[in-house]
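Undergrad: 3D, please:
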Amino acid sequence: MSSIAALIQLFITGILVENNFTIWNVASSGLLIYDHILTLPREVQLVWPSPMGLAKGLYFATKYTAFLDVIFTSAFQFAPGNMSLDQCSRLYRTFTSSNLIGMLIAEGN
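TA: Numbers count the residues shown, from 1 in each chain. Below you'll find the model as predicted:
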C-alpha cells in the first residue's frame, strides 16, 4: 500500500511542478511585453532613426527574438494533449532551436 501512496505523492508533486512552470512562463511573458510597451517610444525615438549597423542589428535581433521564444514556449506549454509524437517533436525542436539562437546572439559566442 505504501508504494501506491508514494506513486500518488509523486504524481501530485509532478502536477504542482508543472503548474509552477506554467505560472512562471505566463508571468515572465507578461513582464517581457510590459517592458517592450514601456521602452518602445524611446526606442523609436533614439534607435530607429540611427543608421543600420552591426550593433543595431544585434540589438534588434536580441530584443525581438525574445518574442519568438515567448510564442514557442506558450505553444509548447499550452499545446493540446492529443498532439502526435511527430508534432510534439517538431514543436520541441523549433522551441529549442529558437532559444539556442537567441542565446547565441545575446552572448556573442
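Undergrad: would you tell me which helix is longest in the chain?
TA: Longest helix in the chain, counting residues (DSSP state H): helix 2-46.
Undergrad: from the contact counts, what lies against that helix?
TA: helix 54-77 (3 or more C-beta pairs under 8 Å, 6 or more residues apart in numbering; DSSP states H and E). Where you see a C-beta, it was placed from the backbone N, CA and C, and this is true even at glycine.
Undergrad: what's the angle from the longest helix of the chain to helix 54-77?
TA: 150 degrees (axes from the mean of the first three to the mean of the last three C-alpha atoms, to 10 degrees).
Undergrad: averaged pLDDT, helix 2-46. What do you get?
TA: The pLDDT scores in helix 2-46 average 86.
Undergrad: same question for stretch 92-107.
TA: In this model, stretch 92-107 carries a mean pLDDT of 84.
Undergrad: what's the closest non-adjacent residue to Ile105?
TA: Ala61 (4.9 Å; C-beta to C-beta, 6 or more residues apart in numbering).
Undergrad: hmm, who's touching the helix or strand harbouring Cys88?
TA: According to DSSP states H and E, Cys88 maps onto helix 85-107. Outside helix 85-107, the residues within contact range by C-beta atoms under 8 Å, 6 or more residues apart in numbering are 58, 61-62, 65-66, 68-69, 72-73, 75-76, 79, 83.
Undergrad: can I get those in JSON lines with distance to Gly102?
TA: As requested, the contacts of helix 85-107 are exported to JSON lines (distance: C-beta to C-beta, whole Å):
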{"residue": "Leu58", "distance to Gly102": "12"}
{"residue": "Ala61", "distance to Gly102": "8"}
{"residue": "Thr62", "distance to Gly102": "7"}
{"residue": "Thr65", "distance to Gly102": "4"}
{"residue": "Ala66", "distance to Gly102": "7"}
{"residue": "Leu68", "distance to Gly102": "7"}
{"residue": "Asp69", "distance to Gly102": "6"}
{"residue": "Phe72", "distance to Gly102": "10"}
{"residue": "Thr73", "distance to Gly102": "11"}
{"residue": "Ala75", "distance to Gly102": "16"}
{"residue": "Phe76", "distance to Gly102": "15"}
{"residue": "Ala79", "distance to Gly102": "20"}
{"residue": "Met83", "distance to Gly102": "24"}
